[in-house]
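> What follows is a predicted structure for the sequence shown.
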Amino acid sequence: MDQESLQPVVAAAIINTTHHQRKLLAAQRSYPPELAGKYELPGGKVEAAEAPLAALEREIREELNCAIKIHRFLPCPNSPEGTWPILGGRRMYVWVAHPLSTPQVGNSHSKLQWVTLPQARALPWLGPNWPIVEAVFNNL
Ligand SMILES: Nc1nc2c([nH]c(=O)n2[C@H]2C[C@H](O)[C@@H](COP(=O)(O)OP(=O)(O)OP(=O)(O)O)O2)c(=O)[nH]1
């Protein structure tokens with residue numbers, strides 16, 4: 001495994017509190033082909049020498065052209081660092097956040113959807129994501 005592939009991933013569970021029911025932003029990946037169509041939490045890989053939260057703010061600006069206000073860290077239970085196991089043997093830091101402007105579809109995604117828990121349940125998430133999404137709703 002090379003150094004780049006060991007870089008952790010950061011992601012935001014962006015919650016819209018203006019609706020009567022709280023909704024989570026589910027983002028449909030547009031690439032690579034094997035992941036296209038699957039839903040994820042927006043985010044990406046931390047760059048070398050970059051702080052995780054700085055990486056998250058950069059990724060959200062790049063992918064959604066919006067800013068977020070971090071609400072809290074969502075730790076994975078049973079993980080010393082609180083990181084969630086994801087694809088490719090990587091680990092992912094997840095923060096619950098609120099949008100400061102409207103997220104826009106960019107190159108990384110083909111669709112953005114605000115979803116309730118039942119709506120989230122019906123989406124094809126990336127393989128390891130469902131426990132994370134469930135934890136988001138359980139901790140709202
Ligand atoms: N962003 C994100 N990535 C996830 C999630 N779940 C999951 O398994 N992954 C995996 C998919 C990818 O293999 C990896 C993140 O890669 P990425 O393609 O989003 O990273 P990046 O924006 O830095 O992209 P790139 O420049 O390397 O293409 O983590 C998730 O909820 N959000």
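Arrived safely.

> which residue ranges form the helices in the protein?
Along the chain, the segments classed as helices by DSSP state H run 52-64, 117-121, 130-138.

> Contacts only, for the closest residue to the ligand within the chain.
With CB to the nearest ligand atom, the shortest gap between the chain and the ligand falls at residue 44, namely 2.5 Å. C-betas here are computed from N, CA, C, even on glycine. If you count contacts by CB atoms under 8 Å, 6 or more residues apart in numbering, residue 44 has them with 9-10, 55, 59, 62-63, 108.

> got it, and residue 131?
Residues near residue 131 by CB under 8 Å, 6+ apart: residue 84.

> Residue 128 contacts residue 88, doesn't it?
No: the pair residue 128 / residue 88 is not scored as a contact, 9.8 Å apart, by CB atoms under 8 Å.

> In terms of packing, which of the two has more residues around it?
residue 128 (14 against 9; other CB atoms under 10 Å).

> Name the nearest residue to that one, ignoring sequence neighbours.
Leaving aside its chain neighbours, residue 128 sits nearest to residue 86 (4.8 Å; criterion: CB to CB, 6 or more residues apart in numbering).

> what does residue 55 give?
Nearest residue to residue 55 in three dimensions, chain neighbours excluded: residue 46, at 4.2 Å (CB to CB, 6+ apart).

> Ok, residue 61 next?
With CB to CB, 6+ apart, the residue lying closest to residue 61 is residue 67, at 6.7 Å.

> wait, what's in contact with the residue nearest to the spatial centre of the chain?
Geometric centre of the chain, nearest residue: residue 41, 2.3 Å, by CA atoms, centre = their mean. For residue 41, the contact set (CB under 8 Å, 6+ apart) comprises 11-14, 25-27, 94, 129, 132-133.

> go again using 10 Å as the cut-off
9-14, 24-27, 74, 84, 86, 92, 94-95, 97, 125-126, 129, 132-133, 136 (CB atoms under 10 Å, 6 or more residues apart in numbering).

> thinking again about what came up before, which of the contacts of residue 44 are buried? Put it as a ChimeraX command.
Buried members of these, defined by 16 or more other CB atoms under 10 Å, are picked up in ChimeraX with:
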select :9,10,55,59,63,108
